[in-house]
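Chemist: Below are the sequence and a predicted model; questions follow.
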Number of protein chains: 2
Amino acid sequence: MTADPAARRGIPDATVARLPEYLRALSSLAGQGIGSVSSEELAAASGVRSAKLRKDLSHLGSYGVRGVGYDVDLLAAEISRELGLTQDRSVAIIGMGNLGRALAAYSGFVTKGFRIVALVDDDPAVVGDTVAGITVRALDDLDRLAAEGLSIGVITTPAHSAQLVCDRLVTAGVHAILNFAPCVLAVPDEVDVRKVDLSTELQILAFHEQRKALASGLGLEEVAP
Amino acid sequence: MTADPAARRGIPDATVARLPEYLRALSSLAGQGIGSVSSEELAAASGVRSAKLRKDLSHLGSYGVRGVGYDVDLLAAEISRELGLTQDRSVAIIGMGNLGRALAAYSGFVTKGFRIVALVDDDPAVVGDTVAGITVRALDDLDRLAAEGLSIGVITTPAHSAQLVCDRLVTAGVHAILNFAPCVLAVPDEVDVRKVDLSTELQILAFHEQRKALASGLGLEEVAP
DNA sequence: AGGTCTTTGTGAACGTGCGCACAAAGTCGC
DNA sequence: GCGACTTTGTGCGCACGTTCACAAAGACCT
């Protein structure tokens, strides 16, 4: 059983997390008119080692040609299919603060198979405004949106509202949430939550900065010659 | 040698990545007037298992009391110290598009020991504008900023400008970069780069959505009773 | 057609991270 | 003061991810 040619049923999470980067690198190459790449070249363009790239790609089948490399268009199509980008997915952004508005105006991910179908806010003073060509709707409209096939919810509210909004998304049937609010969200097992937090990122950078400063400042310098 | 009480010289990366979350949970608890927590409670507030939390905390020393738990303020201070947040770090944001402006206006990370000291853009039409109370400066001012002790650079430019900006930051002596542009940056080994990309996050969510849809739609449903 | 050369795909070794389960250590009640 | 109880800190086993090194497989030249 599972005589599946691509040996699916389990692409490692670490690999999935890198596939978008490979896809971007491939798009860039295609835009330059390049039709074929070696694992070495594609790995360099993606910021990984070639062995890791080859092992990642091997999880979705054997699409390279030994002695030549990978066909750019074919591989891009294959990764897109694997990531589920062949069908458009509808996205709602909840929370029309600075970040929510910036994301609404960001055109970068519209091109990748994602479509912003709704902007939502709970402030009556904001509801009805037009942001990036879309009219802001009220929180109560979430149920109707979900019924229309909403796929992903993006939460850009303050932390104290995030769990409430999250609960309403889950109740409405949304199974994928991208959370920009600085808090942990409680969700049922079948719901995927990914978190993006720039404060966290800055703190991680600060840690490494301090580590480097300490290492060069004391204790690890060479013995005087 | 290394009879260091805290047994430092190597906190795992995975642990470092979670410390900010613990810190945020502790701040929240402190705000509620709670002075002591068990690993079980703090883990729940941070979205991890208690065993993982205890192992993480053990890497920075023994600050808990058996039978009681952790002192909220003490532990928060200890994590802050470990992350290097005791000294303020200055941050520059380069790229005054929608995202750059949103980050500049975001007050969330000012409270955490980070200070935005400069906003930068290469468009002469934008230089001189005031965003979030700060005057936008030209790209050429980066060297001067770095000389004043700039610690972290945040890149919010389009992808095609990111490498150029990155190079100037590195030349100016910045060792920590947070990259929001959808591209890989080439930097020397001594420079840390962290990348945040919402398109990537959406694609990862899309993958899991598709996987769930396939699993429930075909092949994995139960045998008819 | 055969040999050489390039590049993929992968088996094996290695390191890291995670969770369990428990001993050590301290508190609280009496 | 002592015993029971609670909670931390950690040793161990397992699974996952990464890297190395090489055999298999095809292209290209002659």
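Modeler: Received the coordinates, thanks.

Chemist: Stretch A:152-170 near chain B anywhere?
Modeler: Yes - residues of stretch A:152-170 contacting chain B under Cβ under 8 Å from any Cβ of the partner chain: A:152, A:154. Every C-beta, even on glycine, is put in place using the N, C-alpha and C of the backbone.

Chemist: got the buried residues for that stretch?
Modeler: Residues of stretch A:152-170 classed as buried under the neighbour-count rule (16 or more other Cβ atoms under 10 Å in any protein chain shown) are A:152-157, A:159, A:161-163, A:165-166, A:168-170.

Chemist: Name the nearest of those relative to chain B.
Modeler: residue A:152 (5.6 Å; Cβ to the nearest Cβ).

Chemist: rewinding a little: which of the buried residues of stretch A:152-170 lies closest to residue B:30?
Modeler: Taking Cβ to Cβ as the measure, residue B:30 sits nearest to residue A:159 out of the buried residues of stretch A:152-170, at 15.0 Å.

Chemist: just the buried residues of stretch A:152-170 now: which is nearest residue A:39?
Modeler: residue A:152 (31.5 Å).

Chemist: among the buried residues of stretch A:152-170, which two are most distant?
Modeler: Counting by Cβ to Cβ, the most remote pair of those is A:152 and A:159, 20.1 Å apart.

Chemist: May I have the host helix or strand of residue A:142 as PDB, with CA atoms only?
Modeler: Here residue A:142, judged by DSSP states H and E, is contained in helix A:142-147. The C-alpha coordinates for helix A:142-147 follow below in PDB (Å, rounded to 0.1, in the frame of the first residue of the first chain):
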ATOM      1  CA  LEU A 142     -17.200  36.900   9.500                       C
ATOM      2  CA  ASP A 143     -19.800  34.100   9.500                       C
ATOM      3  CA  ARG A 144     -21.100  35.000   6.200                       C
ATOM      4  CA  LEU A 145     -17.500  35.300   4.800                       C
ATOM      5  CA  ALA A 146     -16.600  31.900   6.100                       C
ATOM      6  CA  ALA A 147     -19.700  30.500   4.400                       C
END
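
Chemist: elements contacting it?
Modeler: strand A:89-94, strand A:114-120, helix A:159-171 (3 or more Cβ pairs under 8 Å, 6 or more residues apart in numbering or on different chains; DSSP states H and E).

Chemist: After that helix, which helix or strand is next? Please name it.
Modeler: strand A:152-155.

Chemist: How about the residues of chain A by DNA strand C?
Modeler: A:37-40, A:50-51, A:54-55, A:57-58, A:62-70 (Cβ under 7 Å from any atom of the strand).

Chemist: I only care about those that end up buried; give me the PyMOL line for that.
Modeler: Of those, the buried ones can be selected in PyMOL as follows, counting by 16+ other Cβ under 10 Å:
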select buried, chain A and resi 37+39+57+64+69+70
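
Chemist: So which of the residues of chain A next to DNA strand C belong to strands?
Modeler: A:37, A:64, A:65, A:69, A:70 (DSSP state E).

Chemist: Now do stretch A:149-161: everything it contacts.
Modeler: For stretch A:149-161, contacts defined as Cβ atoms under 8 Å, 6 or more residues apart in numbering or on different chains pick out A:89-97, A:99-100, A:103, A:114, A:117-118, A:122, A:142, A:162, A:165-166, A:169, A:172-174, A:176-183, A:185, B:198, B:202, B:205-206, B:209.
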